[in-house]
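Student: Turn this into a structure:
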Amino acid sequence: MADQLIKVITKDKAFRAFAIDGTQLVAKAAEAHNASRIATVVLGRALLATEILAQAILKGEERLGVQMDGRGPIGKVVTEANAHGAVRGYVTNPQLEPIVNDEDQLNIAGAVGNHGSFQVTKLAPYSKPYIGQSIIVSGEIGDDFTYYLTQSEQIPSVIGVGVTMNADGTVAQAGGFLVQALPGTTDAQLDDLDQKLKQMKPLAELLAEKKGPLVILDNLIGQGNYTSLDSVSVGLAAEPAKDAYAEMLATLPSHEVQAMIDEDGGAEVVGRFSGKKHYFEAAELEKILKTVLEREARAEEGDETDQDQDDSKDNK
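Tutor: Take a look at the predicted model:
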């Protein structure tokens, strides 16, 4: 069964909530990037939180990107998602060796760092990008997304995400939730939610029951205390076709493409988000080079035309 994200509203109309079981998508992302245990947890948490955020604030063909830079050894944590359940991401240092805390547990905050920036970019067709800025408050990722929503979006919210690992380094469970207050929610209702959060079982324990994301909502909100709104299949965004990378190579200067042909006899392009390798033979680069040279020639002709027009004005 595909990973699922569930959207609900509480029966008292005080909160809306989202819950996700993203075990498969996190496992696939870890495999694609050959990620270490700690990098898998960092990337997994970020992917889950980004997908939940996307479902909460996007519509239609809108997209969002999140970039966290806590100045920790994992480097930057970059994720993207759309409104249709597709998400992707990477960390700068996917092979980071484990960092543990005093309790001999993976130190996620130590890997991410907590002295940096948190940026959300929302993209909509035919509109200028919206950029929201925040800070990293803990490096635990869930806390940082929560702080962004509460401070930048001015919505009382809480995001929780978790990834647990098997002894062999594979992903055991991955999931999370978002609860947001709706207009009219009282302080008493917010206090009640806070108590429920404190009493909630650990995400790893809930997901280990393998009952999907509903088990999270049942434990947090209470079975029968909410109405289901929607269910979305979630997964890693599809890898762009090789042609897309050819178009990217065609934006390079001709001398760089020529050097790939002369010095390397080809070029290998690695998808930053997927880790997939695409190899271009010299013959393929020759075709790309032809396109680049034609583009540069047109640009040069345009510059000469502009210069002729300027000279004509000067002579009048």
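Student: Every contact and neighbour count from this point should use C-alpha atoms.
Tutor: Will do.
Student: Report the secondary structure state of Ile20.
Tutor: strand (DSSP: H, G, I helix; E, B strand; the rest coil).
Student: Now do the contacts for it.
Tutor: When contacts are counted by CA atoms under 8 Å, 6 or more residues apart in numbering, Ile20 is found next to Asp3, Gln4, Leu5, Ile6, Leu48, Ile52, Gly175, Gly176, Phe177, Gly212, Pro213.
Student: In helices, which of these appear?
Tutor: Judged by DSSP state H, the contacts of Ile20 include Leu48, Ile52 as members of helices.
Student: Tell me the buried residues within the contacts of Ile20.
Tutor: Among the contacts of Ile20, those that count as buried by neighbour count (16 or more other CA atoms under 10 Å) are Asp3, Gln4, Leu5, Ile6, Leu48, Ile52, Gly175, Gly176, Phe177, Gly212, Pro213.
Student: And the pLDDT for the second one?
Tutor: I take that to be Gln4. If you check Gln4, the pLDDT there is 94.
Student: tell me the contacts of the closest residue to it other than its chain neighbours?
Tutor: In space, and not counting its chain neighbours, Gln4 is closest to Ser233: 4.7 Å by CA to CA, 6 or more residues apart in numbering. Ser233 makes contacts with Ala2, Asp3, Gln4, Leu5, Gly85, as judged by CA under 8 Å, 6+ apart.
Student: Could you export these as CSV, including distance to Pro183?
Tutor: Converted to CSV, the contacts of Ser233 look like this (distance: CA to CA, whole Å):
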residue, distance to Pro183
Ala2, 33
Asp3, 30
Gln4, 27
Leu5, 23
Gly85, 26
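Student: Helices along the stretch 51-200 of the chain, start to end?
Tutor: Listed in chain order, the helices of the stretch 51-200 of the chain (DSSP state H, counting those that start in this stretch) span 108-112, 142-151, 187-199.
Student: Nearest to Lys59 among the ones you listed would be which one?
Tutor: When those are compared by CA to CA, helix 142-151 sits nearest Lys59, at 17.2 Å.
Student: Are there helices or strands packed against the closest one, and which ones?
Tutor: helix 37-57, strand 130-135, strand 157-165 (3 or more CA pairs under 8 Å, 6 or more residues apart in numbering; DSSP states H and E).
Student: among these, which is nearest Lys242?
Tutor: helix 37-57 (24.2 Å).
Student: buried set for the closest one?
Tutor: So for helix 37-57, counting by 16+ other CA under 10 Å, buried means 37-56.
Student: Would you check that Lys122 makes contact with Arg63?
Tutor: Yes - with contacts counted by CA atoms under 8 Å, Lys122 reaches Arg63, the gap being 5.9 Å.
Student: Mind listing residues that contact stretch 293-306?
Tutor: By CA under 8 Å, 6+ apart, the residues outside stretch 293-306 that reach it are Ser254.
Student: Stretch 76-85 now?
Tutor: 43, 46-47, 50-51, 54-55, 58-70, 87-92, 112, 232-235, 237.
Student: coming back round to it: now tabulate the contacts of Ile20 in TSV and tack on distance to Val163.
Tutor: As requested, these are exported to TSV (distance: CA to CA, whole Å):
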residue	distance to Val163
Asp3	14
Gln4	16
Leu5	16
Ile6	18
Leu48	9
Ile52	15
Gly175	7
Gly176	9
Phe177	13
Gly212	14
Pro213	14
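Student: Tell me how far stretch 106-118 lies from the chain's centre.
Tutor: When C-alpha coordinates are averaged (CA atoms, centre = their mean, to the nearest Å), stretch 106-118 and its chain have centres 16 Å apart.
Student: measure that stretch end to end?
Tutor: Using CA to CA, to the nearest Å, the end-to-end distance of stretch 106-118 comes to 22 Å.
Student: ok, the nearest residue to Phe145 once chain neighbours are set aside to Asn93 distance?
Tutor: Nearest residue to Phe145, sequence neighbours excluded (CA to CA, 6+ apart): Ile159, at 6.6 Å. As judged by CA to CA, Ile159 and Asn93 stand 25 Å apart.
Student: Which of those two has more residues huddled nearby?
Tutor: Neighbours were counted for Ile159 and for Asn93 using other CA atoms under 10 Å; Ile159 has more, 24 against 17.
Student: ok, now which ones touch that one?
Tutor: Ala49, Gly142, Asp143, Phe145, Thr146, Gly176, Phe177, Leu178, Val179.
Student: Does Tyr245 lie in a helix or a strand, and which?
Tutor: Using DSSP states H and E, Tyr245 maps to helix 242-249.
Student: Pull out the buried positions in that helix.
Tutor: For helix 242-249, burial by neighbour count (16+ other CA under 10 Å) applies to Tyr245, Ala246, Leu249.
Student: hang on, the earlier thing: for Ser117, which of the helices and strands packed on helix 142-151 is the nearest?
Tutor: Ranking those by proximity to Ser117 (CA to CA) places strand 130-135 first, at 4.6 Å.
Student: Could I get the CA-only coordinates of that closest one as CSV?
Tutor: The C-alpha trace of strand 130-135 is given here as CSV (Å, rounded to 0.1, in the frame of the first residue of the first chain):
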residue,chain,number,x,y,z
TYR,A,130,6.5,34.3,-1.8
ILE,A,131,9.5,34.0,0.6
GLY,A,132,8.9,33.4,4.3
GLN,A,133,11.9,33.7,6.7
SER,A,134,12.4,32.3,10.1
ILE,A,135,15.1,30.9,12.3
